[in-house]
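> I'd like to go over a predicted model; first the sequence, then the structure.
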Amino acid sequence: MMKKKRLNKSNSGNPMGRREAILATGSLAALAIPNYNSNNFAGIMNKNEFNTNSELYTLKDQISGQFNTFDLDTKVKAPTIEPGERLTLVNYDKPGILTRLWITFPGWFFPSWDPQSKVDPTILKKLILRIYWDGENFPSVEAPMGDFFGIGHCEYKHYLSKYLGMSSGGFYSYFSMPFEKIRIEVENCHEDLKTDVFLAANYTALKKLPKDAGRFHCQYNSGTNPGQEPMTILKTSGYGHFVGCCISMQAKQMNYLGFLESPEYFYIDTLDRSSPTFTGTGLEDYFNGGWYFRDGEFNGPLHGVPLKDPLRSMISMYRFHESDAVYFKKNLEMTFINPRDYASEFKFSSTAYWYQREPTKLSFNLPIKDKMVDWYRIRDMDHQSIP
């Protein structure tokens, strides 16, 4: 009778025990990875190839400050903004860099401390954030609150990313925003709902800005698309770089996400729209997903889908560019175009984020007040939050 061969033999020719086999396997595995002995590790440290988060422990000769709405005299935390009112929350005329922006306000959720107060989630679309740089009379940032912080569906959704998020009742931004002067304004475009705006904005005061400090911009756009027309996210002229966008979309047809077939088109330093500088393969592909975001909602540091509802044909997506920022010297246009002839009608709202050498007028105006909220369907996802 033929005996079966044993493959796990030791050098002596005798069969290996379980312990010897494991040790041998470990030795083979060690050959497949770099030899990080203590000397090599020290070499890596000397070459600054080891991530030590040096930003946290490096001492800096800087002065920190914070703009906020808390009135030390009256102890009122937030000013009330009446329907139709515009209110300046920050007005500062010295150079610095905004490092964090946090905002919250009631009206979109159940305010149990005032049961007579009206609740309307469309305030997320009708409360407008504007930021003016360097004494200009035009805003370089202009968008509805919900859209600026990532979701344009008149709905608050807890999600976290590196630069923008909605975190358990608050709205935050960690985009760095250099300025010579800064003015932050809020406008309440709601017909009959007043609200209170809480704001805290951290900044680093500087004697002089670096020469290469670009100004932060945010462009809002929205509309109804029959399906095949370009959905333009950004159009600007000047010198700068694009760092990301958030897009919310909803189809007229239920249970339809075919608008995600639209690749991105980038036109860099050219006015020729017949030949894009580069294109993508699909809208969800641009946001680092696939197959209409097969596994649903997710939040990553630089890209994510905080809201997806296939039944109601609605979705919100974000992507931020760091090492892959899109640079331009003269002009930039970014748009999405669906190549399919049978694409269905949809609505969208978007925010594009970029830095430019100087404060620049935005290319798109806000819709008229009657068109600020223009969705086929709005979900009711409210819940009591304050006992």
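Happy to help now that I have it. Numbering: from 1, shown residues only.
> against residue 243, how distant is the residue most central in space within the chain?
Nearest to the mean C-alpha position of the chain, counting by CA atoms, centre = their mean, stands residue 164 at 4.6 Å. Counting by CB to CB, to the nearest Å, the gap from residue 164 to residue 243 is 11 Å. The C-beta positions use only the backbone N, C-alpha and C, and glycine is treated the same way.
> now residue 208
Here the criterion is CB to CB. By it, residue 208 lies 24 Å from residue 243.
> ok, those two, which is more surrounded?
residue 243 (21 against 8; other CB atoms under 10 Å).
> where's that one, which helix or strand?
strand 240-251 (DSSP states H and E).
> what helices and strands are in contact with that strand?
Where contact means 3 or more CB pairs under 8 Å, 6 or more residues apart in numbering; DSSP states H and E, strand 240-251 is packed against strand 231-237, strand 314-320, strand 326-328, strand 331-336, strand 346-356.
> strands of the stretch 151-300 of the chain, residue ranges please.
Along the stretch 151-300 of the chain, counting by DSSP state E, counting those that start in this stretch, strands occupy 159-160, 164-167, 170-173, 177-179, 182-188, 195-196, 198-205, 215-225, 231-237, 240-251, 264-268, 278-279, 298-299.
> tell me which of the ones you listed sits nearest to residue 341.
strand 215-225 (14.4 Å; CB to CB).
> what residues of the closest one count as buried?
Neighbour counts over strand 215-225 (16 or more other CB atoms under 10 Å) mark 215-223, 225 as buried.
> thought residue 330 was touching residue 237?
Yes - contact criterion CB atoms under 8 Å: residue 330 and residue 237 qualify, at 6.8 Å.
> neighbour count: those two, which is higher?
residue 237 (15 against 11).
> show the pLDDT at that one.
Turning to residue 237, the model gives it a pLDDT of 98.
> next: the one 3 residues further on.
Reading off the per-residue confidence, residue 240 sits at a pLDDT of 98.
> which residues does it contact?
By CB atoms under 8 Å, 6 or more residues apart in numbering, the contact list for residue 240 reads 214, 217, 327-328, 332, 354-357.
> can you check residue 136 too?
Neighbour list for residue 136: residue 359 [criterion: CB under 8 Å, 6+ apart].
> could you redo the last one with a cut-off of 10 Å?
Taking CB atoms under 10 Å, 6 or more residues apart in numbering as the criterion, residue 136 is in contact with 181, 183, 215, 358-361.
> also residue 108?
Residues near residue 108 by CB under 10 Å, 6+ apart: 119-125, 127, 145-146, 154-156, 193, 195, 382.
> top of those by neighbour count?
For those, neighbours tallied by other CB under 10 Å; top is residue 146, 30 neighbours.
> so that residue touches residue 164, yeah?
No - contact criterion CB atoms under 10 Å: residue 146 and residue 164 do not qualify, at 11.3 Å.
> which neighbours do those two share?
Shared contacts of residue 146 and residue 164 (CB under 10 Å, 6+ apart): 171, 246, 351.
> by neighbour count, which of these wins?
Neighbour-wise, the shared contacts of residue 146 and residue 164 (other CB under 10 Å) top out at residue 246, 30 neighbours.
> run through the bridge partners of it.
Assessed by DSSP bridges, residue 246 has beta-bridge partners residue 318, residue 351.
> how much space separates it from residue 172?
In this view, residue 246 and residue 172 are 14 Å apart by CB to CB.
> out of the contacts of residue 136, which sit inside helices?
Among the contacts of residue 136, no residue falls in helices (DSSP state H).
> PyMOL command for the buried members of those residues?
Selecting only the buried entries of the contacts of residue 136 in PyMOL, with 16+ other CB under 10 Å as the criterion:
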select buried, resi 181+183+215+359+360
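> tell me which of the contacts of residue 136 is nearest to residue 274?
Ranked by distance to residue 274 (CB to CB), those are led by residue 360 at 25.9 Å.
> how many residues are close by the residue lying closest to the closest one once chain neighbours are set aside?
If the residues on either side of it in the chain are set aside, residue 360 comes closest to residue 238, at 5.5 Å by CB to CB, 6 or more residues apart in numbering. Neighbours of residue 238 under the rule other CB under 10 Å: 18.
> burial count for residue 211?
Residue 211 has 6 nearby residues by other CB under 10 Å.
> check contacts around it.
So residue 211 contacts residue 357 (CB under 10 Å, 6+ apart).
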